[in-house]
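below: sequence and its predicted model.
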Amino acid sequence: MLPASACRIQDLDANGGAAIGREALSEPRRGWTRAEAQALYDLPFPDLIFQAQGIHRRNFDPNRVETASLLSIKTGGCPEDCGYCSQSAKYDTGVKATKLMDHDAVVATAQRARDAGAERFCMAAAWRNPKDKDLDKVCDMVSAVKGLGMETCVTLGMLTSAQAKRLHDAGLDFYNHNVDTSPEFYGNIITTRTMQDRIDTLAHAREAGLKVCCGGIIGMGEQVDDRLGMLALLANLPEHPESVPINMWSEVKGVPVSGSAERPDPIALVRMIAVARIMMPRSVVRLSAGRQYMTDELQALCFVAGANSIFIGDVLLTTKNPQTERDADLLERLGINSALDEARPDGLGHAARMTPARGAAAS
Ligand code: SAM
Ligand code: DTB
Ligand code: SF4
């Protein structure tokens with residue numbers, strides 16, 4: 001359980017600065033209200049970024065971004081009706097349903113991802129929930145990927161406590177299960193499972209000893225209030241998720257959301273990342289789907305606001321992600337270190353090139 005620390009928005013001074021001790025601002029707390037989230041969100045942009053950067057620096061290396069790689073191990077044909085998703089069998093999106101991938105093909109893909117600079121491997125299946133015989137196969141995949149020295153994550157839909165325990169015993173580090181949006185907007189997007197179903201699965205993952213990866217999507221036609229409601233929901237979970245993916249809706253033709261979606265204002269995205277950083281100071285915030293629409297400058301602002309994880313690889317599940325070369329180039333220009341650096345064939349990532357060898361004259 002998180003310590004109920006005393007940090008409240010009313011403890012911030014008129015400029016959004018910390019009127020209370022710096023340490024208190026870095027402590028995770030629960031009991032966030034939407035009004036507090038809104039007050040942070042409404043701060044003048046420089047004050048908001050200053051706050052977020054301060055908290056980021058007290059909890060993380062500000063010049064490092066985590067890299068994860070995604071693989072769809074079972075694509076399409078899903079019985080759920082998530083209105084944003086290309087993989088629901090309810091919509092005509094052109095995505096073909098496949099069977100669960102072969103074990104060796106998954107492990108070979110993970111190995112390539114590791115060699116290309118991914119620290120974590122996330123395996124996703126388009127299921128409402130896994131059948132026990134499929135879970136056996138996924139557990140074997142998890143153990144093999146863990147054996148490659150990578151962090152492991154899976155996202156398989158709803159889990160029972162016993163299934164979560166089995167995944168934990170197989171060596172799984174993280175379970176990804178998103179709340180997706182605010183409780184109020186949820187019913188506009190999904191009707192085949194409830195928000196409470198999702199909270200229950202998150203509790204089963206936690207009880208089994210798994211770390212939790214939980215976030216949501218913006219750009220589905222929701223209001224800023226819904227985005228902040230989603231952040232308050234995440235920040236008021238019994239424990240903050242260790243990873244918080246913020247996805248910008250990755251456009252898919254043929255799904256209900258495509259009628260109402262409007263791509264979020266870039267500044268609104270940065271504000272949201274900054275508020276997530278302040279509300280969940282020790283969570284890794286992943287700038288997740290939607291980076292293919294973002295300029296380098298927007299991504300740079302998101303990193304300054306506290307985002308410190310990305311998916312690498314040219315595809316996410318069924319939609320595009322920036323080319324790995326573009327990501328490596330961007331991080332290089334920003335002087336941000338990552339495992340992409342370490343995976344360079346010359347072994348001379350940013351850190352190695354900027355640090356003069358001992359005894360060498362700096363030029
Ligand atoms: N079927 C499982 C489930 O939904 O729990 C796991 C896979 S599902 C693809 C995982 C998450 O990906 C969803 O909860 C949603 O947040 C995100 N997602 C799916 N389609 C997306 C899209 N088009 N754009 C952005 N995020 C998306
Ligand atoms: C998450 O929050 N984002 C990832 C991962 N968890 C599984 C999924 C993004 C999917 C984007 C749409 C697609 O490529 O189909
Ligand atoms: Fe199925 Fe997951 Fe897509 Fe929903 S988000 S339709 S559960 S694959």
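Received it, and whenever you're ready, just let me know what you need. Ligands and ions are numbered 1, 2, ... in the order given.

the stretch 101-250 of the chain: strands as residue ranges?
120-125, 151-155, 174-176, 211-213, 216-218, 243-248 (DSSP state E, counting those that start in this stretch).

name every strand pairing with the third one and say which way it goes.
Strands adjacent to strand 174-176 in the sheet, as given by DSSP bridges, are strand 151-155 (parallel), strand 211-213 (parallel).

okay, the angle between the longest one and strand 120-125?
If I follow you right, that is strand 151-155. Inter-element angle recorded for strand 151-155 and strand 120-125: 20 degrees (by axes from the mean of the first three to the mean of the last three C-alpha atoms, to 10 degrees).

quick one: residues in contact with strand 151-155.
68, 119-125, 138, 142, 145-146, 167, 171-177, 213, 243 (C-beta atoms under 8 Å, 6 or more residues apart in numbering). For the C-beta atoms, the positions are set from N, CA and C on the backbone; glycine is no exception.

ok, now with 7 Å
119-124, 138, 142, 145-146, 167, 171-177, 213 (C-beta atoms under 7 Å, 6 or more residues apart in numbering).

with only the CA atoms kept, save it in CSV.
The C-alpha coordinates for strand 151-155 follow below in CSV (Å, rounded to 0.1, in the frame of the first residue of the first chain):
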residue,chain,number,x,y,z
GLU,A,151,11.7,-8.1,-18.7
THR,A,152,8.4,-9.8,-19.6
CYS,A,153,4.9,-8.4,-20.0
VAL,A,154,1.7,-10.0,-21.3
THR,A,155,-1.7,-8.6,-22.0
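
hmm, it touching ligand 2?
Yes - applying C-beta under 6 Å from any ligand atom, one finds strand 151-155 touching ligand 2 at Thr155.

show me which residues of the stretch 151-300 of the chain sit near ligand 1.
Going by C-beta under 6 Å from any ligand atom, the residues of the stretch 151-300 of the chain near ligand 1 are Thr155, Gly157, His177, Asn178, Asp180, Gly216, Ile217, Asn247, Trp249, Ser250, Val252, Ala289.

let's go with 8 Å and repeat that
155-158, 176-178, 180, 198, 215-217, 245, 247-252, 255, 257, 288-290 (C-beta under 8 Å from any ligand atom).

list buried residues within these.
Among those, those buried by neighbour count (16 or more other C-beta atoms under 10 Å) are 155-158, 176-178, 180, 198, 215-217, 245, 247-252, 255, 257, 288-290.

so which of those residues reach ligand 3?
Thr155, Gly157.

for whichever residue of the stretch 101-250 of the chain sits closest to ligand 2, give the beta-bridge partners.
Closest approach of the stretch 101-250 of the chain to ligand 2 (C-beta to the nearest ligand atom) occurs at Pro245, with a separation of 3.4 Å. On the basis of DSSP bridges, Pro245 takes part in beta bridges with Arg286.

how about stretch 172-183 and ligand 2, touching?
Yes - Stretch 172-183 is in contact with ligand 2 by C-beta under 8 Å from any ligand atom, via Asn176, Asn178.

and if you look at stretch 317-337?
Yes - interface with ligand 2: stretch 317-337 contributes Leu317, Thr318, Thr319, Lys320, Asn321 (C-beta under 8 Å from any ligand atom).

what sits closest to His168 if chain neighbours are left out?
Sequence neighbours aside, Ala208 is the residue nearest to His168 in space, at 4.5 Å (criterion: C-beta to C-beta, 6 or more residues apart in numbering).

so who does that neighbour touch?
Contacts of Ala208 (C-beta under 7 Å, 6+ apart): Ser161, Ala164, Lys165, His168.

let me have these in CSV, extended by distance to Glu342, neighbour count and pLDDT.
What follows is these, written out as CSV (distance: C-beta to C-beta, whole Å; neighbours: other C-beta atoms under 10 Å; pLDDT from 0 to 100):
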residue, distance to Glu342, neighbour count, pLDDT
Ser161, 38, 14, 98
Ala164, 32, 22, 98
Lys165, 34, 17, 98
His168, 28, 19, 98
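
return the member of those nearest to Lys90.
Ala164 (27.1 Å; C-beta to C-beta).

quick one: contacts for the closest one?
Tyr175, His204, Ala205, Ala208, Leu210.

pairing partners for the longest strand along the chain, with directions?
When the chain is parsed with DSSP state E, its longest strand is strand 66-74. Strand pairing for strand 66-74, determined by DSSP bridges: strand 120-125 (parallel), strand 307-312 (parallel).

for Leu48, find the nearest of those strands.
Of all those, strand 307-312 sits nearest to Leu48, with 14.0 Å by C-beta to C-beta.

from the chain's centroid, how far away is stretch 240-251?
On the basis of C-alpha atoms, centre = their mean, to the nearest Å, stretch 240-251 is displaced by 4 Å from the centre of the chain it belongs to.

try stretch 191-209
Worked out by C-alpha atoms, centre = their mean, stretch 191-209 lies 17 Å from the chain centre.

can you give me the end-to-end span of stretch 166-174?
One end of stretch 166-174 to the other measures 13 Å (C-alpha to C-alpha, to the nearest Å).

kindly report the same for stretch 70-80.
Per C-alpha to C-alpha, the first residue of stretch 70-80 is 21 Å away from its last.

and what of stretch 119-130?
25 Å.

and it, which residues are buried?
Buried residues in stretch 119-130, counted by 16+ other C-beta under 10 Å: Glu119, Arg120, Phe121, Cys122, Met123, Ala124, Ala125, Ala126, Trp127, Asn129, Pro130.
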